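In: below: sequence and its predicted model.
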Amino acid sequence: MSFDHYMSDIRTRFAPSPTGYLHVGGARTALFNWLLARQLGGKFVLRVEDTDQERNTEAARKAIFDGLQWLGMDWDEGPDCGGEYGPYNQSERGAIYDRWFAHLQEKGRVYEDDGAWRFRFERKLMTMHDLICGEVSIDYREESNTPDMVVKRSDGSYVFHFVNVVDDLEMKISHVIRGEDHLMNTPKHLQLFEAFDVKPPIYAHIPLILNQDGSKMSKRDAGAAVGEYEQAGYLSGAVVNFLALLGWSPKNEDEIYSPAELIKAFSLEGVNRSPAKFDTEKCAWVNQQHLAPLSPEAFAKASETQFEQLPENYQAMAGSVQEKVRLLSEVPAAIQFYHDKEFPYAPEALEKVAKNAAAPALLNTLAEAWGTLTDWSEAKGEIKAAAVKHEAKPGQLMFPLRVALSGKAGGPDLGDILQILGQEESIRRIQRYLAL
RNA sequence: GACCCGUUCGUCUAAUGGUUAGGACUCCGCCCUUUCACGGCGGCAAUAGGGGUUCAAAUCCCCUACGGGUUGCCA
């Protein structure tokens, strides 16, 4: 078998059940599977485990698809695009399950119990070779710990363990990367593969993602839903970057990766054993790092999603805050003063200016000087002149001016502010501030 | 309870027997800057505890503690 042939046999999958929104844990599981497939030139399969009719919703299904798409994880086979091993919704695969169940019956591996069918485990020591956890053994001779499992319910439906194994085998999945919560399920799945006389896939169990307080992150926790990240002003590439670094390390000191770079650098060997906590501060920092290299146009475009209605002259303003925000959601507030003539003053900014007793006099002098100015491009020079007149440093005037013009302690460069506001409006704002 | 996995700065992590235990986020200080940032430099801060093995242990072994997972006719 040639190396190329081996590579093309790599098949990974993401198998969500559409019972809730795509959460970061699931997204990271999908990501590792996707990265491995893309790196090795294999296929990434999306299979929807929609056997739980009670809890499935169309909204959840859509949220999962949208979430994967937003993150840029494209799949080669799935319910929407089909593929050689479909259908890709478990709800449509009943006949396939019946066939494999019959196989189990023929071999005498199942028996009826209260109307349900149980799979008879082989009573032996089960040892698995996990790519991340190493060799793990669970003693199936200990029957009380490992009672025969139901594979077919009394209502005729099949349970997760059974359909999951059948699908992985039918879909020729080569590598299963899944959460550590499945580690104890793996011997059950291995026994099923053995009963089917099929070689099992290679397993890799990744540690779970925890909340800041150490509890398991579940769907209802804040920051758990992938959909929230776009709303919160994250670039999808930044979220992918951060998620990849949660539990995986490139073993060097680089931290900022594009998806393409991740595909190159990823390896299962670099995946940790211990669970990681989700740190929103660092996630925001990663986002800032992804925001910084964008062109002003790309930044403006990306931040447009944060407005219900785009302010006038938006393009001109957007670039001036690019390096001042970590999240795109901070953009509307950061540029509010540009288009809102009655913007509010931030209390802490006013407080800071109040410490400078000379500020009002300085501002007044500047406003007068600006009033007689014929060329607005010289406005900045007048700041220095006004300061000199009061025997003050320019910095003592610039901060109060910033607050007078924008109402905030931080924000765009003063030059940008002056240029966009213009002479008349700038003077008016100083007067408005002095009249407080 | 039983079984399984884990434990390095507050957080994400590097170091697979020999390092002053490294980097990043956060925080603090300094520099750059007429403002705000960016950036640069520096600081605080960790091998859960106890026993072994070894010339030498974050690293290997055992015990304890703590955390997580599994233990369904959920997935």
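Out: Thanks, I have it.
In: and the longest helix seen in chain A, C-alpha only, in PDB?
Out: In chain A, assigned by DSSP state H, the helix with the most residues is helix A:414-434. Output of helix A:414-434 as PDB, limited to C-alpha atoms (Å, rounded to 0.1, in the frame of the first residue of the first chain):
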ATOM      1  CA  LEU A 414      -6.900  63.200  18.300                       C
ATOM      2  CA  GLY A 415      -5.800  63.900  14.800                       C
ATOM      3  CA  ASP A 416      -8.400  61.500  13.500                       C
ATOM      4  CA  ILE A 417     -11.100  63.100  15.700                       C
ATOM      5  CA  LEU A 418     -10.300  66.600  14.500                       C
ATOM      6  CA  GLN A 419     -10.200  65.700  10.900                       C
ATOM      7  CA  ILE A 420     -13.600  64.000  10.900                       C
ATOM      8  CA  LEU A 421     -15.300  66.500  13.200                       C
ATOM      9  CA  GLY A 422     -14.100  69.600  11.400                       C
ATOM     10  CA  GLN A 423     -13.600  73.100  12.700                       C
ATOM     11  CA  GLU A 424     -17.000  74.200  13.500                       C
ATOM     12  CA  GLU A 425     -18.100  71.100  15.300                       C
ATOM     13  CA  SER A 426     -14.800  70.800  17.200                       C
ATOM     14  CA  ILE A 427     -15.300  74.400  18.600                       C
ATOM     15  CA  ARG A 428     -18.900  73.700  19.400                       C
ATOM     16  CA  ARG A 429     -17.900  70.700  21.400                       C
ATOM     17  CA  ILE A 430     -15.400  72.600  23.500                       C
ATOM     18  CA  GLN A 431     -18.000  75.100  24.200                       C
ATOM     19  CA  ARG A 432     -20.500  72.400  25.100                       C
ATOM     20  CA  TYR A 433     -18.000  70.900  27.500                       C
ATOM     21  CA  LEU A 434     -17.100  74.200  29.100                       C
END
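In: what's it in contact with?
Out: Outside helix A:414-434, the residues that touch it by C-beta atoms under 8 Å, 6 or more residues apart in numbering are A:313, A:316-317, A:320, A:338, A:341, A:345, A:360, A:363-364, A:366-367, A:370-371, A:373, A:376, A:379-380, A:383, A:398, A:401-406, A:411. For glycine as for every other residue, the C-beta is placed from the backbone atoms N, C-alpha and C.
In: in that helix, what counts as buried?
Out: With burial defined by 16 or more other C-beta atoms under 10 Å, the residues of helix A:414-434 counted as buried are A:414, A:416-421, A:426-427, A:429-430, A:432-433.
In: about what we covered before: can I have the buried ones of the contacts of helix A:414-434 as a PyMOL selection?
Out: Buried residues within those, by 16+ other C-beta under 10 Å, are selected in PyMOL with:
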select buried, chain A and resi 317+320+338+345+360+363+366+367+370+376+379+383+398+401+402+403+404+405+406+411
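In: list, out of the contacts of helix A:414-434, those positioned next to RNA strand B.
Out: A:380, A:383, A:398, A:402, A:411 (C-beta under 7 Å from any atom of the strand).
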